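In: Got a predicted structure plus its sequence, pasted below:
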Number of protein chains: 2
Amino acid sequence: MLISKEELLTTSQRIRPFIHQTPVLTSTNLDKLTSAYCFLKCENFQKMGAFKMRGATNAILQLTVEQKENGVATHSSGNFAQALALAAKLNDIKAYIVMPTSAPSVKKEAVLGYGGEVIDCAPTLQAREETLKRVVKETGATFIHPYNDYDVIAGQSTATQELINEYPNLDYIISPIGGGGLISGTALATQYFSPNTTVIGAEPTGADDAYRSLEKGEIVPSIHPNTIADGLLTSLGDKTFPIIKQLVSEIILVEETEIIQAMKFIWERMKLIIEPSSALAVAAAIKNKDQFNGKKVGIIISGGNVDLENLPF
Amino acid sequence: MLISKEELLTTSQRIRPFIHQTPVLTSTNLDKLTSAYCFLKCENFQKMGAFKMRGATNAILQLTVEQKENGVATHSSGNFAQALALAAKLNDIKAYIVMPTSAPSVKKEAVLGYGGEVIDCAPTLQAREETLKRVVKETGATFIHPYNDYDVIAGQSTATQELINEYPNLDYIISPIGGGGLISGTALATQYFSPNTTVIGAEPTGADDAYRSLEKGEIVPSIHPNTIADGLLTSLGDKTFPIIKQLVSEIILVEETEIIQAMKFIWERMKLIIEPSSALAVAAAIKNKDQFNGKKVGIIISGGNVDLENLPF
């Protein structure tokens, strides 16, 4: 593996002053529903509301002094945009965030609120990449990829490191899959620190590119994904796919209605605001309850950033 | 005082096996907004989603063997109905809940889900009292009042006992006021265990009967209350009013828009589902931020039972 056990441990120490060690919550109601013992690692309580803060912080902390002077740049319309802006702000450096003009204004405002500079681009892959290239050229900023980056992956692993420290005997850990940064970090941490635990991915049937990639043995791009889990629309990367291929034992596909039901269940019964991408992982545990019967199941709750004025229920 | 310090300590021990010791959460964002250090006692994470579980449990645990055989009865369309049903179920006794036919079916279903028996009545005070009287007569059940009951008040005090144990140097504790059970327990616990802490009530301007009662020096009934804080529609009782009169230093009145703004803030920033009655207490801290500037402020988050399909934002 390109990321060593020591590197994961060092990462955990490195980012600790800048992130929250989030709580692990349990629920008798959820355990009844899944026939399992579920342990929710609540990254919805992380700074800016999602695990992305971990990877962004780790990437930024490893910049050279000169790189820090020139700032960082990324393209994202989601949680990584806010994470990079906030992680940069906490380290007194500049963040340039390329966002499509189609992104909701609430997301742009969140980035601006964290002190990031938003650069608009047309809502196409080509425009996004060209705009990013131009920004990097003009500013000298260092591009940090939202997930296809070893420092980012190592950062994301720290959520699972904390979970395993607190609950060392989990049978399974379920994590959602978008671009694969979170589950790559989850799988690496599990391999090194809890090798008897099985790592399972959860994906919406409407954005099942990782499932199809594993079947085919090569990256199948996410084309026209259609899911409420808006954090999971991206394709795997050449750094995340090999890790997933080697370390993730299976991917559970979940329907949209199952995601929404799980989200409502967690909101109503646990009083936790979790985003659809997180509800997906819970839905996977509910859906395959026979598999998890009597088992200890860690579930990575990726975040809690939702538009309260546009809920699915 | 009719409830002694020793009684509060005994209550805490008595109910401990049946309730959750809920977490106290903090938020940099909320502290910025209030200029204070806020400590949220999260009874939204309590069993059945509200502090009422504490008082209901304490009342039930003090029944005689014969009383337990005949069950308990109450009238409530809110959290106390569910609390009594669940507390009764956990102690293998029967609960009869008188509810107005106008109560939302979701609330009746919740009581039924906890094993309670729902007895319908017309939505008038007279019908409610007559129906309750009939149920008590027919079944021999013991009537437990939702708040005007010393055992219930002692039970509610345990939330504040836990808060003070964890944070012994609070300058203020803010608690919402409905019938006065919660704030009476809050004030008693504070008087005995943290006498330098000032207890403040929060009330909606649309249901300001406690405010007017304190002004007038006698109980002013809550007539035609109009507020989103549906847990706070009731009048003070002859057991809660004297405690409030003696131990609560002031009541902050809060507008409906302020309640909704505070609720949205806590949902968005803290990822916690809290009900309007709880948001009211947060709104009071925000509204009087000059008073709380630099102070340590405990806030009792009374519960998290909301209808997700009927939100104010």
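Out: Great, that's in hand.
In: what residues does stretch A:23-43 touch?
Out: The contact list for stretch A:23-43 (C-beta atoms under 8 Å, 6 or more residues apart in numbering or on different chains) reads A:22, A:45, A:50-51, A:159-160, A:162-163, A:166-167, A:170, A:265-266, A:269-270, A:272, A:278, A:282, A:285-286, A:289-290, A:292-303, B:23. In short, each C-beta sits where N, CA and C put it, glycine included.
In: What subset of those residues is buried?
Out: A:22, A:45, A:50-51, A:159-160, A:162-163, A:167, A:170, A:265-266, A:269-270, A:272, A:278, A:282, A:285-286, A:292, A:295-303 (16 or more other C-beta atoms under 10 Å in any protein chain shown).
In: and chain B, which of these reach it?
Out: A:45, A:270, A:272 (C-beta under 8 Å from any C-beta of the partner chain).
In: Is it correct that the first one is in contact with B:K271?
Out: Meaning A:F45. Yes. At 6.1 Å, A:F45 and B:K271 qualify as touching, with contact defined as C-beta atoms under 8 Å.
In: Return every residue with contacts to both of these two.
Out: Common neighbours of A:F45 and B:K271 (C-beta under 8 Å, 6+ apart) are A:G304.
In: What about the buried ones among the contacts of stretch A:23-43, which are in helices?
Out: Within the buried ones among the contacts of stretch A:23-43, residues falling in helices by DSSP state H are A:159-160, A:162-163, A:265, A:278, A:282, A:285-286, A:292.
In: what packs against the host helix or strand of A:A87?
Out: Take DSSP states H and E as the rule and A:A87 turns out to sit in helix A:79-90. Applying 3 or more C-beta pairs under 8 Å, 6 or more residues apart in numbering or on different chains; DSSP states H and E, we find helix A:79-90 packed against helix A:52-61, strand A:72-75, strand A:95-100, helix A:105-113.
In: Where among these is average confidence lowest?
Out: Ranked by mean pLDDT, these end with helix A:105-113 at the bottom, a mean of 89.
In: can you pull the buried residues of it?
Out: Residues of helix A:105-113 classed as buried by neighbour count (16+ other C-beta under 10 Å): A:107-108, A:110-111.
In: and chain A, which of its residues are near chain B?
Out: Near chain B, when you scan chain A using C-beta under 8 Å from any C-beta, you find A:23, A:44-45, A:49, A:264, A:267-268, A:270-274, A:304, A:308-309, A:311, A:313.
In: Which members of the residues you listed come out as buried by neighbour count?
Out: Buried by 16+ other C-beta under 10 Å: A:44-45, A:49, A:264, A:267-268, A:270-274, A:304, out of these.
In: could you dump these to a markdown table with pLDDT?
Out: Shown next, in a markdown table, are those (pLDDT from 0 to 100):
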| residue | pLDDT |
| --- | --- |
| A:N44 | 98 |
| A:F45 | 97 |
| A:G49 | 96 |
| A:K264 | 97 |
| A:W267 | 98 |
| A:E268 | 96 |
| A:M270 | 97 |
| A:K271 | 98 |
| A:L272 | 98 |
| A:I273 | 98 |
| A:I274 | 98 |
| A:G304 | 97 |
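In: which one among those residues gets closest to B:V118?
Out: Within those, the smallest distance to B:V118 is 19.8 Å, found for A:E268 (C-beta to C-beta).
In: returning to that earlier point: chain B: which of the buried residues of helix A:105-113 is nearest?
Out: A:A110 (10.0 Å; C-beta to the nearest C-beta).
In: so that closest one touches A:L84, yeah?
Out: No. Applying C-beta under 8 Å, one finds A:A110 not in contact with A:L84, separated by 11.8 Å.
In: residues in contact with A:L132?
Out: A:73-75, A:98, A:121, A:143.
In: Could you rerun that using 10 Å?
Out: Each residue near A:L132 by C-beta atoms under 10 Å, 6 or more residues apart in numbering or on different chains is listed here: A:73-75, A:96-98, A:119, A:121, A:141, A:143, A:145.
In: Buried ones among these?
Out: A:73-75, A:96-98, A:119, A:121, A:141, A:145.
In: CSV please, covering the contacts of A:L132 and showing distance to B:I223.
Out: As requested, the contacts of A:L132 are exported to CSV (distance: C-beta to C-beta, whole Å):
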residue, distance to B:I223
A:A73, 61
A:T74, 58
A:H75, 59
A:Y96, 59
A:I97, 54
A:V98, 58
A:I119, 58
A:C121, 59
A:A141, 63
A:F143, 65
A:H145, 62
